[in-house]
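[1] Mind folding the following:
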Amino acid sequence: MKKILYISSEAFPLIKTGGLGDVAGSLPPALLKLGLDVRLLLPAYPDVIKNIKQSKIRGQCSYYNQTVNIIETRMPGTKLTVWLIDCPAVFDRPGGPYTDHHGEDWHDNAFRFSIFCHAAVDIALNKLSLDWQPDIVHCNDWQTGLVPALLSLQPVRPASIFTIHNLAYQGVFDQQTFTDLKLPEQLWSMEGLEFYNQLSFIKGGLVYADKINTVSPNYAREILQQNFGYGLDGLLNKRKDDLSGILNGIDHKHWNPGSDNLIAHKYNRHSLAKKSLNKTALQQQLELPVDENIPMLGMVSRLVEQKGLPIIVQNLTALLKMPLQIVILGTGETHYEIELSGWAQKHPQQMKVIIGYSEELAHKIEAASDIYLMPSNFEPCGLNQLYSLRYGTLPVVTNVGGLADTVNTVSESTTEIDHADGFMVKQPSAAALLQTLKFALKLYQNRASWRQLQLNAMSKDFSWQSSATHYLHLYQQALQKK
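    Model prediction:
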């Protein structure tokens with residue numbers, strides 16, 4: 001049985017800020033079901049400690065004169081063992097995993113995640129008396145990037161995988177930080193952690209991991225191009241033989257309209273008419289005019305440029321002249337939060353904007369909406385379009401990354417809808433988005449065609465079973481390469 005140490009800075013339901021949390025919360029249990037011996041490693045943030053039940057201290061260590069406890073617990077509702085890196089000086093604080101209450105990055109993020117990575121390396125080398133050593137360490141995003149780099153210096157080590165969930169976030173700090181963290185000098189070079197005379201955590205994964213993957217096949221191809229590579233396309237092209245894309249799955253138990261206890265009315269493909277009851281329930285909750293026939297556009301997202309916020313905002317004047325409702329849930333850049341909230345205040349009968357995140361409200365929006373807005377500039381995989389398809393909520397997406405891999409689109413140039421389940425914005429512009437939305441809203445009036453699109457969407461299988469099998473093959477390749 002292969003032993004996998006899965007290292008992530010977040011995992012649902014213990015802690016979540018985005019898609020990484022969903023993946024890290026559902027992929028390890030899926031790997032466990034394939035017969036792998038998997039342990040999930042997380043920082044012990046306050047929210048994580050609140051969300052665990054039974055726990056025990058399995059070991060203790062020290063880094064940078066900071067005492068670290070290794071806490072063992074279980075992922076709620078699973079048999080997955082979770083190890084928590086408990087270092088109160090860096091993780092026990094209010095705010096989020098990466099930012100404070102004002103959305104500003106913690107000033108000591110490099111220090112915080114360096115401690116996390118050092119502990120991960122010692123666990124990977126079985127130095128902490130846990131009596132368990134992995135065959136493979138699976139690292140995720142920049143917060144774990146030092147792990148493959150530090151392991152590369154060891155004469156005997158596990159194989160390593162590095163998964164890119166979003167190349168735009170790289171963990172870049174000044175050169176002095178490299179010195180302050182007392183990282184091995186041999187790691188400082190253009191072929192190592194140095195990135196234009198700065199320290200890059202993500203390069204630790206991209207340079208030193210045995211295998212690299214992204215979260216969709218199309219995104220794996222895109223990041224080899226300059227406009228998607230964020231300055232790392234040259235490095236990625238050098239390593240393209242070790243780069244692959246594995247489409248994310250979703251937790252079909254947690255995201256299932258037929259058994260979802262967070263929505264007002266459960267429904268499935270055979271009781272699709274009940275979906276509209278979720279719309280009227282959400283309309284009542286948000287104090288919108290109650291009308292099951294008015295189309296509702298939903299969005300649960302980080303409010304950032306990547307997610308298409310500029311072209312959405314540019315279209316609000318035109319959209320709010322139409323008979324429709326818009327519901328947006330999310331947090332992000334302050335100017336988008338303020339601007340969207342202002343539009344909602346001016347149009348309270350048509351638009352509601354909730355700044356923040358609520359898992360319950362996210363489910364309710366997916367169940368209530370007819371159309372899901374996701375016109376991203378780039379999208380490594382995207383999970384909300386998968387949730388939307390599962391809930392019969394038709395996504396409007398751009399032709400990028402995982403959106404192109406997962407949504408079969410219908411267009412004005414064809415009446416073929418046998419396999420279609422969403423709408424494609426031909427280019428990331430306000431005009432193209434508006435044209436696509438007008439077409440979708442027109443088709444919404446054809447209830448037979450709309451219902452067929454919904455049935456197509458809900459018949460898709462994006463469970464983790466297939467993706468987990470692909471990861472199993474990737475692990476085998478990593479072991480062979482090492």
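
[2] and the lengthiest helix in the chain, what does it pack onto?
    Counting by DSSP state H, the longest helix found in the chain is helix 464-481. Taking 3 or more Cβ pairs under 8 Å, 6 or more residues apart in numbering; DSSP states H and E as contact, the helices and strands that helix 464-481 lies on are helix 19-33, strand 136-140, strand 159-164, strand 211-214. C-beta here means a position set from N, CA and C on the backbone, and glycine is covered the same way.

[3] Output it as CSV, restricted to C-alpha atoms.
    Taking C-alpha atoms only, helix 464-481 is exported to CSV below (Å, rounded to 0.1, in the frame of the first residue of the first chain):
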residue,chain,number,x,y,z
TRP,A,464,-13.5,12.2,-7.6
GLN,A,465,-13.4,8.5,-8.6
SER,A,466,-12.0,9.1,-12.0
SER,A,467,-9.6,12.0,-11.0
ALA,A,468,-8.3,10.0,-8.0
THR,A,469,-7.4,7.2,-10.4
HIS,A,470,-5.4,9.6,-12.6
TYR,A,471,-3.5,10.8,-9.5
LEU,A,472,-2.7,7.2,-8.6
HIS,A,473,-1.1,6.9,-12.1
LEU,A,474,0.8,10.1,-11.5
TYR,A,475,2.1,8.9,-8.2
GLN,A,476,3.4,5.8,-10.0
GLN,A,477,5.2,7.9,-12.6
ALA,A,478,6.7,10.1,-9.8
LEU,A,479,8.1,7.0,-8.1
GLN,A,480,9.6,5.7,-11.3
LYS,A,481,11.2,9.1,-12.0
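
[4] can you give me the strands for the stretch 201-350 of the chain?
    211-214, 243-245, 296-300, 325-330 (DSSP state E, counting those that start in this stretch).

[5] Direction included, what does the second one pair up with?
    What that stands for is strand 243-245. Strand 243-245 sits in its sheet next to strand 211-214 (parallel), going by DSSP bridges.

[6] Which positions in the partner strand come out as buried?
    Going by neighbour count (16 or more other Cβ atoms under 10 Å), the buried part of strand 211-214 is K211, I212, N213, T214.

[7] With stretch 40-54 instead?
    Neighbour-count burial for stretch 40-54 [16+ other Cβ under 10 Å]: L40, L41, L42, P43, A44, Y45, V48, I49, I52.

[8] Just these: which are in strands?
    Per DSSP state E, strands hold the following members of those: L40, L41, L42, P43.

[9] At which residues are the strands of the stretch 1-150 of the chain located?
    3-7, 37-43, 56-63, 66-74, 81-86, 136-140.

[10] Which strands or helices does the longest one pack on?
    Using 3+ Cβ pairs under 8 Å, 6+ apart as the contact criterion, the elements in contact with strand 66-74 are strand 56-63, strand 81-86, helix 109-124.

[11] Enumerate every residue touching L125.
    Taking Cβ atoms under 8 Å, 6 or more residues apart in numbering, we find L125 in contact with Q133, L151, Q154, R157.

[12] Phi, psi for the last one please.
    When you say that, I think you mean R157. phi -150, psi 160 (degrees, to the nearest 10).

[13] I'd guessed it sits against A124; true?
    Yes: if you go by Cβ atoms under 8 Å, R157 and A124 touch, sitting 7.1 Å apart.

[14] how much space is there between V407 and L84?
    37 Å (Cβ to Cβ, to the nearest Å).

[15] Kindly report the same for L433.
    Distance from L433 to L84, counting by Cβ to Cβ: 43 Å.

[16] cool, and E194?
    Relative to L84, E194 is positioned 32 Å away (Cβ to Cβ).

[17] For those two, indicate the residue with more neighbours.
    Per other Cβ atoms under 10 Å, whichever of E194 and L84 has more neighbours is L84, with 24 against 16.

[18] Identify the residues contacting that one.
    Contacts of L84 (Cβ under 8 Å, 6+ apart): L41, L42, P43, A44, V48, I49, I52, S55, I70, I71, E72, T73.

[19] how about the nearest residue in space to the fifth one that is not next to it in sequence, phi and psi?
    Counting by Cβ to Cβ, 6 or more residues apart in numbering, L14 is the residue found nearest to V48 once chain neighbours are left out, at 4.6 Å. Backbone torsions for L14, taken as degrees, to the nearest 10, come to phi -70, psi -40.

[20] just checking, L14 touches K53?
    No: with contact defined as Cβ under 8 Å, L14 does not reach K53; the gap is 11.3 Å.

[21] what do these two both touch?
    With Cβ under 8 Å, 6+ apart as the test, L14 and K53 both reach P76.

[22] As a markdown table, the buried residues of stretch 40-54 with distance to D291 and pLDDT would be great.
    Putting the buried residues of stretch 40-54 into a markdown table (distance: Cβ to Cβ, whole Å; pLDDT from 0 to 100) gives the following:
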| residue | distance to D291 | pLDDT |
| --- | --- | --- |
| L40 | 45 | 98 |
| L41 | 49 | 98 |
| L42 | 44 | 98 |
| P43 | 46 | 98 |
| A44 | 47 | 98 |
| Y45 | 42 | 98 |
| V48 | 42 | 97 |
| I49 | 44 | 96 |
| I52 | 43 | 94 |
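
[23] one step back: could I get the ones in strands among the buried residues of stretch 40-54 as JSON lines with distance to V396?
    As requested, those are exported to JSON lines (distance: Cβ to Cβ, whole Å):
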{"residue": "L40", "distance to V396": "34"}
{"residue": "L41", "distance to V396": "37"}
{"residue": "L42", "distance to V396": "34"}
{"residue": "P43", "distance to V396": "36"}
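
[24] now, which of those residues sits nearest L297?
    L42 (34.9 Å; Cβ to Cβ).

[25] Am I right that the closest one is in contact with K16?
    No: the pair L42 / K16 is not scored as a contact, 11.3 Å apart, by Cβ under 8 Å.

[26] which residues do those two both contact?
    E10.

[27] which regions of the protein sit below the pLDDT cut-off?
    In the predicted model of the chain, residues 1, 413-416 satisfy pLDDT under 70.

[28] Domains in it, by residue range?
    3-249+464-481, 269-458 (automatic domain parsing).
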